[in-house]
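Student: let's see this in three dimensions:
(chains A, B, C and D)
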2 protein chains.
Amino acid sequence: MADTTPRRYDPCDLIPEGARRNLALAAIEAFGRHGFDGANTRKIAEQVGMSSAGLYVHYASKAKLLYTIAKVGHDSVLNAVNDAVRGIAEPDRRVHAWVSAFTRWHADNHALARVNQYELRSLEQEDFEIISAIRRKTEAAAVREMRVLAPDDPDIRMTARAILSMGIDVARWYNPAAARDSLALGDLYGTLALRMLRSDEAG
Amino acid sequence: MADTTPRRYDPCDLIPEGARRNLALAAIEAFGRHGFDGANTRKIAEQVGMSSAGLYVHYASKAKLLYTIAKVGHDSVLNAVNDAVRGIAEPDRRVHAWVSAFTRWHADNHALARVNQYELRSLEQEDFEIISAIRRKTEAAAVREMRVLAPDDPDIRMTARAILSMGIDVARWYNPAAARDSLALGDLYGTLALRMLRSDEAG
DNA sequence: GTCTATAGGTAGATAGAC
DNA sequence: GTCTATCTACCTATAGAC
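Tutor: Now for the predicted structure:
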């Protein structure tokens, strides 16, 4: 089953051009590679040719920089999966497209994806709540799509979570240098998801 | 398909009783909750009623403490899955038991599992290599078991990786306070894995 | 083996000039 | 908006007494 929406997104288009976006891009790389606590604001600023003090003109704190990134990251995932299923009617194809887009996003944006998935504990409480709300939207969309294929499955929420986990974990191991094709990866994961939802055919 | 080995392991039995083990236990909690860089050695030592200097009698550095934990964690996972399949002949049941044990381990030991999966970048090079070798053993065992069920599947390595991802990601979201039964979780994930490997029945 | 005290370095954030 | 200089706090690790 081929993917119908091989379009790629650059999540950072969501931030207007300029120093603010450049800092966010450098921070995504740093947070993704070293983690929030392991990264340091001096190097992030230097990466874009700025002194460490300059960063604080654009972001009130390191934690607010993290929030900006997490917000962009979560909005971007949600946009990607919504766009992927738009105009598709058949439930099987919708689920395949949804999972494929979700997986592909985590591969193509693996640094940002790591921030999304592993660094939220460093957000301030209020910011965390906002991000959590977006996560709930995405997860609810997944369950809604998948439930159509397994309307009587009492474990559908856990199965949906397992399917999301496959895509999320791509952010941990994906190595762009190995140049694995993210489109093929998404296609496979979409197919695996469909098999997981065929509860009538397997024990 | 019921699980045949509901036994639980305490990975830290691999460290002899005493201050060294107590420190490791406190560090697992700290590293699991805050990450390696976010955790601090003072609090870890204080957690076991020791001054921060006392830690360095038992561990040469924070990074060596991490290595000890990662070694125990990786040995423990490998033991758990090997024990789970021992004496089982039927390939379906072997895969189910393997995946179930792997998943259950990541739930029951979710703090240690987070260290295993997310903190290895902070290891020194030599230590990282040793841990990587254990990981390769575990991953090779997974592929070996699963390939029996899908001998002609060219994507078997990627499918195996996706199945491992489901279990690994449990460490990220699992909340023991929510008291989800890890045995039921493992059972479900084992069943999902079998469906994923039934390539002849689904597109 | 454990303590107190502290060295030595780093990191987030601010002050104030331009 | 960006800089230099610096404050303040924290953290890993060590020194040396007991």
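Student: for chain B, what are the nearby residues on chain A?
Tutor: A:1, A:33-38, A:117-118, A:121-122, A:155, A:158-159, A:161-162, A:165-166, A:168-170, A:172-173, A:185, A:188-189, A:191-192, A:194-196, A:198-199, A:201-203 (C-beta under 8 Å from any C-beta of the partner chain). (C-beta placed from N, C-alpha, C; glycine too.)
Student: how near is residue A:167 to residue B:177?
Tutor: 26 Å (C-beta to C-beta, to the nearest Å).
Student: between these two, who's got more neighbours?
Tutor: Using other C-beta atoms under 10 Å in any protein chain shown, the more surrounded residue of residue A:167 and residue B:177 is residue A:167, with 31 against 5.
Student: which bits of chain A sit near DNA strand D?
Tutor: By C-beta under 7 Å from any atom of the strand, the residues of chain A that approach DNA strand D are A:19, A:45, A:49-54, A:57-58.
Student: any of the residues you listed buried? List them.
Tutor: Applying 16 or more other C-beta atoms under 10 Å in any protein chain shown to the residues of chain A next to DNA strand D, the neighbour count classes A:45, A:50, A:58 as buried.
Student: what's the closest of those to residue B:11?
Tutor: residue A:45 (41.1 Å; C-beta to C-beta).
Student: next up, the contacts around that closest one.
Tutor: A:23, A:26, A:51-55 (C-beta atoms under 8 Å, 6 or more residues apart in numbering or on different chains).
Student: give me the element it is part of.
Tutor: helix A:41-47 (DSSP states H and E).
Student: just to check, residue A:97 is in contact with residue A:190?
Tutor: Yes: if you go by C-beta atoms under 8 Å, residue A:97 and residue A:190 touch, sitting 7.0 Å apart.
Student: emit the ChimeraX select command for whichever of the residues of chain A next to chain B are buried.
Tutor: Applied in ChimeraX, the following selects the buried portion of those according to 16+ other C-beta under 10 Å:
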select /A:35,36,37,38,117,118,122,155,158,159,161,162,165,166,168,169,170,172,185,188,189,191,192,194,195,196,198,199,202
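Student: what subset of the residues of chain A next to chain B is also close to DNA strand C?
Tutor: Applying C-beta under 7 Å from any atom of the strand to these, none is adjacent to DNA strand C.
Student: just the ones of the residues of chain A next to chain B in strands?
Tutor: Counting by DSSP state E, no part of those is found in strands.
Student: and for residue A:186, the neighbour number?
Tutor: Neighbours around residue A:186, by other C-beta under 10 Å: 28.
Student: from residue B:195, how far off is it?
Tutor: 19 Å.
Student: try residue A:94
Tutor: For residue A:94, the distance to residue B:195 - C-beta to C-beta - is 19 Å.
Student: likewise residue A:64?
Tutor: 44 Å.
Student: kindly report the same for residue A:197.
Tutor: 8 Å.
Student: and for residue A:110?
Tutor: Where residue B:195 is concerned, residue A:110 sits at a distance of 27 Å (C-beta to C-beta).
Student: give me the below-cutoff pLDDT ranges for chain A.
Tutor: A:1-9, A:179, A:200-203 (pLDDT under 70).
Student: that older thread, inside helices: which ones of the residues of chain A next to DNA strand D?
Tutor: Using DSSP state H, the subset of these located in helices is A:19, A:45, A:57-58.
Student: tilt between the helix or strand where residue A:113 lies and helix B:110-118?
Tutor: Per DSSP H and E, residue A:113 falls inside helix A:110-118. Angle between the axes of helix A:110-118 and helix B:110-118 is 180 degrees (criterion: axes from the mean of the first three to the mean of the last three C-alpha atoms, to 10 degrees).
Student: show me the contacts for the closest residue to residue A:171 other than its chain neighbours.
Tutor: Counting by C-beta to C-beta, 6 or more residues apart in numbering or on different chains, residue A:171 lies nearest to residue A:113, which is 3.5 Å off, once chain neighbours are set aside. Residues in contact with residue A:113, defined by C-beta under 8 Å, 6+ apart, are A:32, A:73, A:105-106, A:168, A:170-171.
Student: so which of those residues is the closest to residue B:141?
Tutor: residue A:170 (21.5 Å).
Student: show the contacting residues for that closest one.
Tutor: With C-beta under 8 Å, 6+ apart, residue A:170 has these contacts: A:103, A:106-107, A:110, A:113, A:185, B:165.
Student: can you tell me the helix or strand for residue A:66?
Tutor: Counting by DSSP H and E, residue A:66 is part of helix A:62-85.
Student: is DNA strand C contacted by that helix?
Tutor: Yes: with C-beta under 7 Å from any atom of the strand as the measure, helix A:62-85 is seen reaching DNA strand C through A:62-63.
Student: same for that helix, what does it pack against?
Tutor: Where contact means 3 or more C-beta pairs under 8 Å, 6 or more residues apart in numbering or on different chains; DSSP states H and E, helix A:62-85 is packed against helix A:19-34, helix A:41-47, helix A:91-108, helix A:110-118, helix A:125-147.
Student: save those helices as CSV, and put in distance to residue B:78 too.
Tutor: Putting the helices and strands packed on helix A:62-85 into CSV (distance: least, C-beta to C-beta, whole Å) gives the following:
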stretch, distance to residue B:78
helix A:19-34, 28
helix A:41-47, 37
helix A:91-108, 27
helix A:110-118, 24
helix A:125-147, 32
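Student: quick check, residue A:146 in contact with residue A:92.
Tutor: No: at 10.8 Å, residue A:146 does not count as touching residue A:92 under the criterion of C-beta under 8 Å.
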